[in-house]
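J.: requesting a structural model of the entry that follows:
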Amino acid sequence: MQVALKTLVVIHRLLRDGDPTFREELLNFAQRGRILQLSNFKDDSSPIAWDCSAWVRTYGMFLEERLECFKILKYDVEAERLSKQGQGPEKGHSRTRELDSQDLLEQLPALQQLLYRLVGCRVIISSLYAKTSRRSCKYNYLVQYALALVLKESFKIYCAINDGIINLVDKFFEMPRHEALTALEIYRRAGQQAGSLSDFYEIAGV
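T.: Here you go, the predicted structure:
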């Protein structure tokens, strides 16, 4: 379990801060199928390892989805510098605020799917935090470190979705009917995810 978790953390750090060629190589390899293939991972060598296996699987799925999202967006949301309009003190915004309708309808579902995988960690973390034993997986440094990385990414992902939704609202009444129906589904999912993300932050003590 420790080896698997360390490997995932290293991959995550390289995706965030490493040379872009690393991600390109992973994407090239991913054309043959899923890279990490951890959906059936389990380690029953000890109670703690068994406890952490679900987190390893969930964390792996998030990283897989991160790559899938990059393939659609062609940029890394976490590495994005928020742009500002004018010289005032207002907060910056994501590039989704400036996209046209076609790009919005393609990129927002990918971002929402990435957030879905991220929020999916909530159930695992809730289960870990319910355990009181000091031998519980929740006290494992690697789990805590990986969770911190995931939580940090949630802010940029949610910001990109939120800015995209604002942009989509502005364009909604100019859309043809089939695009408007897709936009409504994106709005509906955004409302659900906002509540789920808030619950996740509460569980994680953010």
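
J.: can we go C-alpha only for contacts and neighbour counts from here?
T.: Fine.

J.: how far does the lengthiest helix in the chain sit from its chain's centre?
T.: Here the longest helix in the chain is taken by residue count, with DSSP state H as the criterion, and it is helix 141-171. Taking C-alpha atoms, centre = their mean, to the nearest Å, one finds helix 141-171 lying 7 Å from the centre of the chain it belongs to.

J.: give me the helices and strands touching it, please.
T.: Secondary-structure packing of helix 141-171 (3 or more C-alpha pairs under 8 Å, 6 or more residues apart in numbering; DSSP states H and E): helix 2-17, helix 101-119, helix 177-204.

J.: assumed Glu78 was part of a strand.
T.: No: with DSSP: H, G, I helix; E, B strand; the rest coil as the criterion, Glu78 is located in coil rather than a strand.

J.: how much space separates it from Lys152?
T.: For Glu78, the distance to Lys152 under the criterion C-alpha to C-alpha, to the nearest Å works out to 9 Å.

J.: ok, back up a step: buried residues in the longest helix of the chain?
T.: 143, 146-147, 150-151, 153-154, 156-165, 167-168 (16 or more other C-alpha atoms under 10 Å).

J.: same deal with stretch 96-105?
T.: With burial defined by 16+ other C-alpha under 10 Å, the residues of stretch 96-105 counted as buried are 96-97, 99, 101, 104-105.

J.: measure it end to end?
T.: Length of stretch 96-105, first residue to last, C-alpha to C-alpha: 10 Å.

J.: now do it, average pLDDT.
T.: In this model, stretch 96-105 carries a mean pLDDT of 95.

J.: can you tell me what sits against it?
T.: Counting by C-alpha atoms under 8 Å, 6 or more residues apart in numbering, stretch 96-105 makes contact with 160-161, 163-164, 166-168, 171, 175, 179, 182-183, all of which sit outside it.

J.: repeat that with 10 Å
T.: Around stretch 96-105, the neighbours that count as contacts under C-alpha atoms under 10 Å, 6 or more residues apart in numbering are 72-73, 83, 107-108, 110, 159-168, 170-172, 174-175, 179-180, 182-183, 186.
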